[in-house]
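Chemist: After the sequence you'll find the predicted model.
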Amino acid sequence: MASRLLARLDAAIAKARNPVEVACLKAERAGFLARQGHLARARKIIGELQAQFEWRPHAAVSAWVSLAEGLLDHYSALGGKARDRMLRAHVLSGSHELAPLHALAAAWLAHMEYVASDMTRMAVHAREALDTAAADNHSARSRACLVVAEAYHFAGHLDKALPWYAKSRQHALADGDEAHLSALMHNQAWLRGNQARLAALFEQAGAQEQLRQALMGAESTGHFDLGVGTASLASLVRMLRAQMLAAVGRCPEALVLFESHLERAMTEGLERLKAGFIADMAWCRLQAGDRKGASRDAQAGLLALSIPGDVDDRAMAQARLAQVLAALEQPERAKQLAEDARRDLNAHRAEQQRLAALLGETFGNA
């Protein structure tokens, strides 16, 4: 499926005569390619623009290139430099009164701060993007609305998230931005999957139906990506599907995905989730009767718990490892892990309440 946004950018580049305008459009095109996962093509365009303006810098070009670099870094491996580059785009566009770009950079800062669990800054930049973006600045508004939707969803308020998801989708459709539609599906599926797994691991009512719907969402996202040519952070959807398959008992299929994509997932910035992935692998090996393999993975999972990550992910990893070690006749260690998991679950619930209050204060009347 051809991208309407990419076609529009190509047409604008062909029509433009001002070298600065052409360069800004090319940088925007590079950012779109990065979001689609075509990283080498994006990197080539950025390099050419940097060489072209090396001796005669232009503020608008520098700002757009910084935004493109931020997206390239983010979609390469959720890199830590991405926010610094996006902040530069935000500062440059603000000081030179490039209003559409300034709103877009604010929206992307909000996105990156959400990923980093910096919810206070996320709320500030998402609010800024929504307050300053023109009604037809669909790229800024689609991203800002998605961030608010994800935050409400993560806070456990899907009812409040759904209208924001709908707004985000409407702006993306208006922009012809298939890469954003893919991101919307990815992020919604990931959050649904995590919440379904939490419910299942802590024996909450309705967990099986939640798991079924989450698995369908993960599979739909993969099909959509194939249709529109999105290849960014491909391991995300595969690892989500693997975890969903493990949760519903389809362990042989889950193991194939885990073993095929775990290494790539680590290079794409998902190391903070390593303990959960390996814990599910241990569980799947246990179901297949491979107690030796399950024990090996369980020990690796215990070591991976030391990697910093979100408290809900840690809770799920510990709960799964507790199940594995109980089956491997290590009751004392299993009991301690189960207690730690419950403690982290309670911390997660408290975090959700704080986030919901922040969102209500910041976006309650939006």
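Modeler: Right, received. Where do you want to start? Numbers count the residues shown, from 1 in each chain.
Chemist: Low-confidence ranges, the stretch 101-250 of the chain, go.
Modeler: For the stretch 101-250 of the chain, the stretches with pLDDT under 70 are 205-206, 221-234.
Chemist: now do 90
Modeler: 116, 178-179, 181-183, 185-190, 192-196, 199-200, 202-241, 244, 247-249 (pLDDT under 90).
Chemist: check contacts around residue 280.
Modeler: 242-243, 246-247, 254, 258, 320 (C-beta atoms under 8 Å, 6 or more residues apart in numbering). (Glycine included, C-beta is placed from N, CA and C.)
Chemist: Those residues in helices, which ones?
Modeler: With DSSP state H as the criterion, helices contain 242-243, 246-247, 254, 258, 320 from among the contacts of residue 280.
Chemist: Adding neighbour count and distance to residue 86, write the residues you listed out as JSON lines.
Modeler: JSON lines is the format used below for the ones in helices among the contacts of residue 280 (neighbours: other C-beta atoms under 10 Å; distance: C-beta to C-beta, whole Å):
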{"residue": "242", "neighbour count": "29", "distance to residue 86": "31"}
{"residue": "243", "neighbour count": "29", "distance to residue 86": "29"}
{"residue": "246", "neighbour count": "24", "distance to residue 86": "35"}
{"residue": "247", "neighbour count": "27", "distance to residue 86": "35"}
{"residue": "254", "neighbour count": "24", "distance to residue 86": "35"}
{"residue": "258", "neighbour count": "24", "distance to residue 86": "32"}
{"residue": "320", "neighbour count": "28", "distance to residue 86": "35"}
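Chemist: List of residues touching stretch 236-248?
Modeler: Applying C-beta under 8 Å, 6+ apart, the set of residues contacting stretch 236-248 is 186, 189-190, 193, 196-197, 200, 208, 211-212, 214-215, 218-219, 221-222, 225, 251, 253-255, 257-258, 260-262, 265, 268, 270, 273, 276-277, 280, 283-284.
Chemist: Take those residues and keep only those in helices.
Modeler: Counting by DSSP H, those contribute 186, 189-190, 193, 196-197, 200, 208, 211-212, 214-215, 218-219, 221-222, 225, 251, 253-255, 257-258, 260-262, 265, 276-277, 280, 283-284 to helices.
Chemist: orientation of whichever helix or strand residue 235 is part of relative to helix 251-267 in degrees?
Modeler: Element membership for residue 235, per DSSP states H and E: helix 234-247. Our comparison of helix 234-247 with helix 251-267, counting by axes from the mean of the first three to the mean of the last three C-alpha atoms, to 10 degrees, yields an angle of 150 degrees.
Chemist: how distant is helix 234-247 from the center of its chain?
Modeler: 14 Å (C-alpha atoms, centre = their mean, to the nearest Å).
Chemist: which ones are touching the residue nearest to residue 272 when sequence neighbours are not counted?
Modeler: Nearest non-adjacent residue to residue 272, counting by C-beta to C-beta, 6 or more residues apart in numbering: residue 309, 3.6 Å away. Listed by C-beta under 8 Å, 6+ apart, the contact partners of residue 309 are 272-273, 275.
Chemist: could you flag which of these are buried?
Modeler: 273, 275 (16 or more other C-beta atoms under 10 Å).
Chemist: Among the contacts of residue 309, show me the least confident.
Modeler: For the contacts of residue 309, the weakest pLDDT value sits at residue 272, with 89.
Chemist: hang on, the earlier thing: residues of the helix holding residue 235 that come out buried?
Modeler: Buried, per 16+ other C-beta under 10 Å, within helix 234-247: 234-247.
Chemist: just to revisit the earlier point, check the contacts of stretch 236-248 for burial and list the buried ones.
Modeler: Buried among those by 16+ other C-beta under 10 Å: 186, 189-190, 193, 196-197, 200, 211, 214-215, 218-219, 221-222, 225, 251, 254-255, 257-258, 261-262, 265, 268, 270, 273, 276-277, 280, 283-284.
Chemist: Just give the number of residues close to the residue lying closest to residue 189 once chain neighbours are set aside.
Modeler: Excluding its sequence neighbours, the residue lying closest to residue 189 (C-beta to C-beta, 6+ apart) is residue 217, at 3.9 Å. The number of residues packed near residue 217 is 23, by other C-beta atoms under 10 Å.
Chemist: let's number from 19 now, not from 1
Modeler: Right, with 19 as the first residue, what we last looked at is residue 235.
Chemist: thinking again about what came up before, of all the buried residues of helix 252-265, which comes closest to residue 200?
Modeler: Residue 200 has its nearest neighbour among those in residue 255, at 9.4 Å by C-beta to C-beta.
Chemist: now that closest one: how far from residue 199?
Modeler: As judged by C-beta to C-beta, to the nearest Å, residue 255 and residue 199 stand 14 Å apart.
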